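1. no sequence on this one, just coordinates:
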């Protein structure tokens with residue numbers, strides 16, 4: 001945020017919390033639970049249980065003061081936010097997912113906080129979206145559903161295809177620069193899928209409980225965290 005690095009947390013009581021190395025700042029944003037928060041181009045974006053998405057310009061942190069505008073409202077829980085840069089450094093894209101299966105995508109620029117544009121909306125599957133992420137070039141979204149489908153959505157054409165279907169909830173996913181997707185589910189499985197072939201490259205059951213978070217720390221290394229509080233690190237087969 002500006003020149004200061006922050007960690008941001010979403011809180012059930014309707015606030016987002018900004019943390020720097022010295023202090024925490026509570027920012028009230030919604031009357032319902034905050035489900036996700038992002039800092040994008042000096043804006044604070046948040047989604048909520050009540051289906052709303054807000055964009056806020058931070059005026060001050062101590063005491064907290066914001067100018068907040070409702071960016072979007074839809075039916076159901078606004079569950080997750082995702083961001084990707086565009087070739088224009090002053091413009092980004094933000095997506096919000098809903099438990100109805102709806103996805104809304106916004107352009108974020110310098111004018112969004114005062115004059116937001118209408119989003120583009122998609123619904124490829126009528127199922128709760130648990131996790132999603134833009135591909136690196138922003139042309140596609142990878143979406144993990146409560147019903148076990150991993151779906152690739154082409155944003156230009158609006159077409160989608162199911163890459164994988166498992167008999168579990170897909171909880172979390174990440175993508176590396178080699179177009180490998182790591183997905184994890186509520187049964188403790190981590191799977192690596194190639195976007196080029198659509199095939200599973202690796203599959204490992206690493207926990208007796210659900211995996212809640214997964215991330216590539218580099219193209220060969222994956223970190224995962226489960227519901228019991230354990231953190232796991234793995235390297236892809238064939239990497240040094």
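-> Structure's in. What do you need? The structure presented is a predicted model; accordingly, all values stated were derived computationally and were not measured.
2. For the helix or strand hosting residue 96, which strands pair with it and how are they oriented?
-> Assigned by DSSP states H and E, residue 96 falls within strand 92-98. The pairing partners recorded for strand 92-98 under DSSP bridges are strand 78-85 (antiparallel), strand 102-108 (antiparallel).
3. That strand - what's its average pLDDT?
-> Strand 92-98 shows a mean pLDDT of 95.
4. same thing with stretch 155-173?
-> When pLDDT is averaged over stretch 155-173, the result is 93.
5. Which one of the strands paired with strand 92-98 lies nearest to residue 69?
-> Nearest to residue 69, of all the strands paired with strand 92-98, is strand 102-108, at 12.0 Å by Cβ to Cβ. Every residue, glycine included, has its C-beta placed from N, CA and C.
6. residues of the closest one that come out buried?
-> Across strand 102-108, burial judged by 16 or more other Cβ atoms under 10 Å covers 102-108.
7. any idea how far stretch 63-82 is from the chain center?
-> Centroid separation for stretch 63-82 versus its chain: 14 Å, with Cα atoms, centre = their mean, to the nearest Å.
8. Quick check: buried residues in that stretch?
-> 64, 66, 68, 71-72, 74, 77-82.
9. List the contacts of the helix or strand harbouring residue 223.
-> Secondary structure from DSSP H and E places residue 223 in strand 221-226. With Cβ atoms under 8 Å, 6 or more residues apart in numbering as the test, strand 221-226 has contacts from 174, 182, 184, 188, 190, 192, 206-207, 209-217, 231-236, 239.
10. Include pLDDT when you put the buried residues of stretch 63-82 into TSV, please.
-> Output for these, formatted as TSV (pLDDT from 0 to 100):
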residue	pLDDT
64	82
66	88
68	91
71	92
72	93
74	95
77	95
78	96
79	93
80	94
81	96
82	96
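11. Spatially, which two of these are the most separated?
-> Farthest pair in the buried residues of stretch 63-82, by Cβ to Cβ: 64 and 74, 26.9 Å.
12. Return the set of buried residues in stretch 86-99.
-> Within stretch 86-99, the residues that count as buried by 16+ other Cβ under 10 Å are 92-99.
13. quick revisit: just checking, next helix/strand downstream of the strand holding residue 223?
-> By DSSP H and E, the next helix or strand past strand 221-226 is strand 231-235.
14. ok, that following strand: who's next to it in the sheet?
-> strand 221-226 (antiparallel).
15. Now do the strand it pairs with: distance to the chain's middle.
-> Remark: strand 221-226 is offset 16 Å from the chain centroid, using Cα atoms, centre = their mean.
16. Pull out the buried residues from it.
-> Neighbour counts over strand 221-226 (16+ other Cβ under 10 Å) mark 222, 224-226 as buried.
17. Including distance to residue 144 and pLDDT, could those residues go into TSV?
-> Below are these laid out as TSV (distance: Cβ to Cβ, whole Å; pLDDT from 0 to 100):
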residue	distance to residue 144	pLDDT
222	15	97
224	14	97
225	16	97
226	16	96
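18. out of those residues, who's nearest residue 36?
-> Nearest to residue 36 among the buried residues of strand 221-226: residue 225, at 17.0 Å, using Cβ to Cβ.
19. tell me the mean pLDDT over the host helix or strand of residue 182?
-> Here residue 182 is covered by strand 180-185, with elements defined by DSSP H and E. Taken as a whole, strand 180-185 has a mean pLDDT of 97.
20. What is the burial count for the closest residue to residue 12 other than its chain neighbours?
-> Nearest non-adjacent residue to residue 12, counting by Cβ to Cβ, 6 or more residues apart in numbering: residue 33, 4.5 Å away. Residue 33 has 16 neighbouring residues, counting by other Cβ atoms under 10 Å.
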